[in-house]
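Undergrad: Sequence and predicted structure below; questions after.
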Amino acid sequence: MSVTAKHAEGYERRWWILVVLCMSLLVIGLDNTVLNVAIPTLVRDLGASNSELQWIVDAYILVFAGLLLTAGSISDRFGRRSVLSIGLGVFGIGSIASAFAVSATMLIATRAMMGIGGAMIMPSTLSILTNIFPPEERGRAIGIWAGVSGMGIGIGPLIGGALLDNFWWGSVFLINVPIVIIAITAGRLIVPNSKAPNAPKIDPVGAGLSIAGLVSLVFSIIEAPTRGWTDPVILAGFAVAAVILSIFVWWESHSDHPMLNVRFFENPRFTAASLSITLVFFAMFGSMFFLSQYLQFLLKYTPLQAGIRQMPVALVMIIVAPMAGLLVNKLGNKILVSTGMVVAATGLFMLSRTAVGSDYWNMLPSIIVLVIGMSLTMTPATESIMGSLPKEKAGVGSAMNDTTRQIGGALGVAILGSVFSSTYASGFNSAAFSRLPAGMSGQIKSSVGGALEVAARLGGGAGQALYHTAASSFITGMDRALVIGSLIALSGALIAMIWLPNRPEPDEAEQERMEKLYAEHQHRPGTMESPAVVQIIDGNAPADRLDEEGPAREHRPAEARIEAEFEGAEP
């Protein structure tokens, strides 16, 4: 008899386990934002160039995104707590090494090491959560998980600013160490080491293809704004990614032990929700990219002051995301996701009305509306992804959720950043600026920070004119990019409204798909018929075989149950 979720190992401690999982997740959210505050200090203390600064940030993202699917698959096979603990250890060691890096090159290498740890941490937290919480509580738990995930974005700049005001730049990495130690210790004491009961053998070809394809894709996205979208290196990178990922899909569809079962994408709950996650992170990362610069360069806040003014992001997310988890069982996924995307699009459009004379209080309502929309979207979309897969595939499902986040965020910064950069640079095409020295002209076009630095050196009327031009060009570029972001978010709402089911489909409506899946398995060499599968298709399965949730069988797609039966069948 299958063990129900309510009697799964760790169920009695599930809320304490969630605290440990959220603590593990928090180090990732903090690290991604705390570092941004330290960038000016790294320029001064390590002599990092613009290219080195970019790779200090991007080395982590590149490794993290590339390894997510592989790490999720490994956690399903060898134990999710084990992979989580190893990931926390690697992340902690990488943090210590980063804090004491003596050069920008060394810091790039240690950041890549932290990316390895991060890729093992994030999918493990969500997959453990999915296995411990029953369907009626899962939405609420995912809401808390999503709120903590976003909370790091809000409190990271605040913590980073406070640390840099009192300590050296390495302290922004050492803050991770005590959190890691507590999370590892508590995890060993109370978190069960769940794994897939009939896990297939490792798929090294699929793992290699996924790593190579995702690294090529993310590298091209990151480098495109700097090199140009038509640069031969970028075009080659996208072409390589397309070829490798196409081979990956072909391989996984023909493998008898796939790392990622590509048939999951036939389920609209999985595919439409994944697209929604991609687009909401596109909007979030893109908008935050502009917000931090606007607060520090144009409103002239210190890193700590800017961090304090981004706290509403964390507060709204930690309140609204769990509320969305409570509402998902009442309203359904389609309504919440599409509504959230419309609200986020509204917030982006409101933010695009920012003018040169706007201050923080003019922007705050727009920011709050945007974050409410993102919070309403993330929880039901994540629940839809995880609820559409069998529990034994929770690690890969969580990794897929995290991969869409990373790709969406990278695309948001790259595409909206490119729109912004081209608009910003065009503001300096007048004859007056063409007479400036070549080095000075390049500096003012490269960034608003560079333009304001040149304006301060020039002084007088010329400096004042340059300041106003830079501020106006920045606002124009930001507003134009945010309008595009708003349209992207609206397209996400349309996708959810058309394709995302509001709730899991009843078994009767899936009869045709079950029979098709059954027939596909029967035609595989060496596959024997599972009596339990026949019972599911005929509608005569005993209650203890219907679903791991027992009476709540509708929370798991029927084809996932069949897939689980086949994975457990003896050849």
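TA: Cool, got the structure.
Undergrad: can you tell me the helix or strand for the residue lying closest to Ser274 once chain neighbours are set aside?
TA: Taking Cβ to Cβ, 6 or more residues apart in numbering as the measure, Ser274 lies nearest to Thr404, with 4.9 Å between them; neighbours along the chain are not counted. To be clear about C-beta, it is placed using only N, CA and C from the backbone, and glycine gets the same treatment. Here Thr404, judged by DSSP states H and E, is contained in helix 394-411.
Undergrad: if we can go back for a sec, ok, the residue nearest to Ser274 touching Phe270?
TA: No: at 10.7 Å, Thr404 does not count as touching Phe270 under the criterion of Cβ atoms under 8 Å.
Undergrad: Might you list the low-confidence residue ranges for the stretch 351-500 of the chain?
TA: 391-392, 394-395, 430-439, 442, 446 (pLDDT under 70).
Undergrad: Just the strands from it, written as ranges.
TA: Along the stretch 351-500 of the chain, no segments are classed as strands by DSSP state E, counting those that start in this stretch.
Undergrad: Please apply the same query to the chain.
TA: When secondary structure is read from DSSP state E, the chain shows no strands.
Undergrad: ok, and the closest non-adjacent residue to the residue nearest the centre of it?
TA: The chain has Arg405 as the residue nearest its centroid, 2.7 Å off, counting by Cα atoms, centre = their mean. In space, and not counting its chain neighbours, Arg405 is closest to Phe281: 4.8 Å by Cβ to Cβ, 6+ apart.
Undergrad: Check the burial of the one you found by counting its neighbours.
TA: 22 (other Cβ atoms under 10 Å).
Undergrad: so how far is Asp31 from it?
TA: Going from Phe281 to Asp31 by Cβ to Cβ, to the nearest Å gives 17 Å.
Undergrad: Kindly report the same for Trp55.
TA: Taking Cβ to Cβ as the measure, Trp55 and Asp31 are separated by 16 Å.
Undergrad: Looking at those two, which has the bigger crowd around it?
TA: More neighbours surround Asp31 than the other of Trp55 and Asp31, with 26 against 20 (other Cβ under 10 Å).
Undergrad: Excluding sequence neighbours, find me the nearest residue to that one.
TA: If the residues on either side of it in the chain are set aside, Asp31 comes closest to Asn176, at 6.3 Å by Cβ to Cβ, 6+ apart.
Undergrad: Touching, the one you found and Gly92? I think so.
TA: Yes: with contact defined as Cβ under 8 Å, Asn176 reaches Gly92; the gap is 6.4 Å.
Undergrad: tell me the domain ranges of the protein?
TA: The record's domain parsing of the chain by automatic domain parsing lists 1-202, 203-256, 266-503, 507-568.
Undergrad: which stretch in the ones you listed has the least confidence?
TA: The stretch with the lowest average pLDDT out of the domains of the chain is domain 507-568, scoring a mean of 45.
Undergrad: quick revisit: against Gly160, how distant is the residue nearest to the centre of the chain?
TA: Arg405 sits 21 Å away from Gly160, going by Cβ to Cβ.
Undergrad: which residue sits closest to Cys118, ignoring its sequence neighbours?
TA: No Cys there; residue 118 is Gly. Nearest in space to Gly118, with sequence neighbours left out and distances taken as Cβ to Cβ, 6+ apart, is Phe64 at 4.8 Å.
Undergrad: The one you found against Gly115, yeah?
TA: Yes: between Phe64 and Gly115 a contact is recorded at 4.1 Å, counting by Cβ under 8 Å.
Undergrad: Just want to know which of those two has more residues nearby.
TA: Under the neighbour definition other Cβ under 10 Å, Phe64 and Gly115 were set side by side, and Phe64 has more, 28 against 23.
Undergrad: ok now do that one, which residues does it touch?
TA: With contact taken as Cβ atoms under 8 Å, 6 or more residues apart in numbering, Phe64 is in contact with 115-116, 118-119, 406.
Undergrad: please redo it, this time with the cut-off set to 7 Å
TA: Phe64 sits next to 115, 118-119, 406 when contact means Cβ atoms under 7 Å, 6 or more residues apart in numbering.
Undergrad: repeat for Phe297
TA: 448-449, 452.
Undergrad: So which of the residues you listed wins on neighbours?
TA: So for the contacts of Phe297 (other Cβ under 10 Å), the most neighbours sit at Val448, 22 neighbours.
Undergrad: got the buried residues for the biggest helix by length in the chain?
TA: Taking DSSP state H as the criterion, the chain has its longest helix at helix 460-499. By neighbour count on 16 or more other Cβ atoms under 10 Å, the buried set for helix 460-499 is 466-467, 469-471, 473-486, 488-490, 492-493, 495-497.
Undergrad: now do stretch 307-324
TA: Under 16+ other Cβ under 10 Å, the buried positions of stretch 307-324 are 307-310, 313-314, 316-318, 320-324.
Undergrad: Just give me the closest of the residues you listed to Arg263.
TA: Distance to Arg263 across these (Cβ to Cβ) is lowest for Ala324, with 28.7 Å.
Undergrad: buried sites along stretch 352-372?
TA: 352, 354, 358, 363, 366-372.
Undergrad: now it: how far from the chain's centre is it?
TA: Remark: stretch 352-372 is offset 24 Å from the chain centroid, using Cα atoms, centre = their mean, to the nearest Å.
Undergrad: do the same with stretch 194-206
TA: Using Cα atoms, centre = their mean, the distance from the centre of stretch 194-206 to the centre of the chain it belongs to is 24 Å.
Undergrad: and if you look at stretch 343-358?
TA: When C-alpha coordinates are averaged (Cα atoms, centre = their mean), stretch 343-358 and its chain have centres 23 Å apart.
Undergrad: One more: stretch 273-292?
TA: Using Cα atoms, centre = their mean, the mean C-alpha position of stretch 273-292 is found 9 Å from that of the whole chain.
Undergrad: 4 is where my numbering starts, stick with that
TA: Okay, residue one is now 4; in that scheme the one you just asked about reads as stretch 276-295.
Undergrad: buried ones in it?
TA: Neighbour-count burial for stretch 276-295, counted by 16+ other Cβ under 10 Å, picks out 276-295.
Undergrad: OK, contacts around the residue nearest to Met443 when sequence neighbours are not counted?
TA: Excluding its sequence neighbours, the residue lying closest to Met443 (Cβ to Cβ, 6+ apart) is Val457, at 5.6 Å. For Val457, the residues meeting the contact criterion (Cβ under 7 Å, 6+ apart) are 443, 446-447, 469.
Undergrad: export those residues to CSV and tack on distance to Phe268?
TA: Compiled in CSV, the contacts of Val457 are given as follows (distance: Cβ to Cβ, whole Å):
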residue, distance to Phe268
Met443, 51
Gln446, 46
Ile447, 47
Leu469, 51
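Undergrad: among these, which two are most distant?
TA: Greatest spacing in the contacts of Val457, by Cβ to Cβ: Gln446 and Leu469 (10.9 Å).
Undergrad: thought Arg114 was touching Ala104?
TA: No: taking Cβ atoms under 7 Å as the contact criterion, Arg114 and Ala104 are not neighbours in contact, 8.8 Å apart.
Undergrad: out of the two, which sits in the more crowded spot?
TA: Each of Arg114 and Ala104 had its neighbours counted (other Cβ under 10 Å), and the higher figure belongs to Arg114 (27 against 20).
Undergrad: Cool, thanks, signing off.
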